[in-house]
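Participant: pasting the structure only:
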């Protein structure tokens, strides 16, 4: 059957001499794989350049529940990515986030709130000019709400440790090695207030920013199955 839906492009991969596979998180079906022709004529309704990482697309697709790779019928951009496609900083952020999302988004069922968060985030990245060094941190922290792994940060008291495994502040050192020190936990308590509106107010050194992303990635690895190292992380470390 044919459906109209929206999708956020995660990445594309090789399939054959004439086709790639586009991995897309859709509003109605979750994460899907689509057969994408590598070349197309002027009248084609599916063009490979539309599938730049994080592009938001309006899609008409053929969807069969038991088919592993679905087919595209018509695709157009919801809005152009002028800056994400040309600005060096935003390109680096988009490639990091597309790799990160490709590892954590595994749902093959409808999750409209999650899709809407992704779409809103892409739009904000395209339009933002302040606080870009913190965008990926705000994004990753906000995403935990939609993946069901948002930590409980309401029980902080002075001298607490943050238990990464259980996602809570505790007063005693946990019996496992997955926790933040008292100083790191205090900093996390301040950082947890970050969002897209105030990310430009968080002044951090490169060392502080790298430490925070390490905390976030450690947390994701503990709560997401088989979460591998990210190749694009080093580019962000050097950039910010």
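Facilitator: Structure's in. What do you need? Remember, it's a predicted structure, so these values are computed and weren't measured experimentally. Numbers count the residues shown, from 1 in each chain.

Participant: find the nearest non-adjacent residue to the residue nearest the centre of the chain, please.
Facilitator: Nearest to the geometric centre of the chain sits residue 101, at 4.0 Å (CA atoms, centre = their mean). Of all residues not flanking residue 101 in the chain, residue 10 sits nearest, at 5.4 Å (CB to CB, 6 or more residues apart in numbering). For glycine as for every other residue, the C-beta is placed from the backbone atoms N, C-alpha and C.

Participant: wait, a helix at the one you found?
Facilitator: No - according to DSSP: H, G, I helix; E, B strand; the rest coil, residue 10 belongs to no helix; its state is strand.

Participant: can you tell me which residues contact it?
Facilitator: 23, 24, 25, 31, 53, 98, 101, 102, 105 (CB atoms under 8 Å, 6 or more residues apart in numbering).

Participant: in JSON lines, list those residues along with distance to residue 136, secondary structure and pLDDT.
Facilitator: Output for those, formatted as JSON lines (distance: CB to CB, whole Å; DSSP: H, G, I helix; E, B strand; the rest coil; pLDDT from 0 to 100):
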{"residue": "23", "distance to residue 136": "20", "secondary structure": "strand", "pLDDT": "97"}
{"residue": "24", "distance to residue 136": "21", "secondary structure": "strand", "pLDDT": "97"}
{"residue": "25", "distance to residue 136": "17", "secondary structure": "strand", "pLDDT": "97"}
{"residue": "31", "distance to residue 136": "20", "secondary structure": "strand", "pLDDT": "96"}
{"residue": "53", "distance to residue 136": "13", "secondary structure": "coil", "pLDDT": "94"}
{"residue": "98", "distance to residue 136": "11", "secondary structure": "helix", "pLDDT": "96"}
{"residue": "101", "distance to residue 136": "11", "secondary structure": "helix", "pLDDT": "97"}
{"residue": "102", "distance to residue 136": "15", "secondary structure": "helix", "pLDDT": "95"}
{"residue": "105", "distance to residue 136": "15", "secondary structure": "coil", "pLDDT": "95"}
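
Participant: a markdown table please, covering the residues you listed and showing distance to residue 147.
Facilitator: Shown next, in a markdown table, are the contacts of residue 10 (distance: CB to CB, whole Å):
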| residue | distance to residue 147 |
| --- | --- |
| 23 | 18 |
| 24 | 18 |
| 25 | 12 |
| 31 | 13 |
| 53 | 20 |
| 98 | 17 |
| 101 | 11 |
| 102 | 14 |
| 105 | 9 |
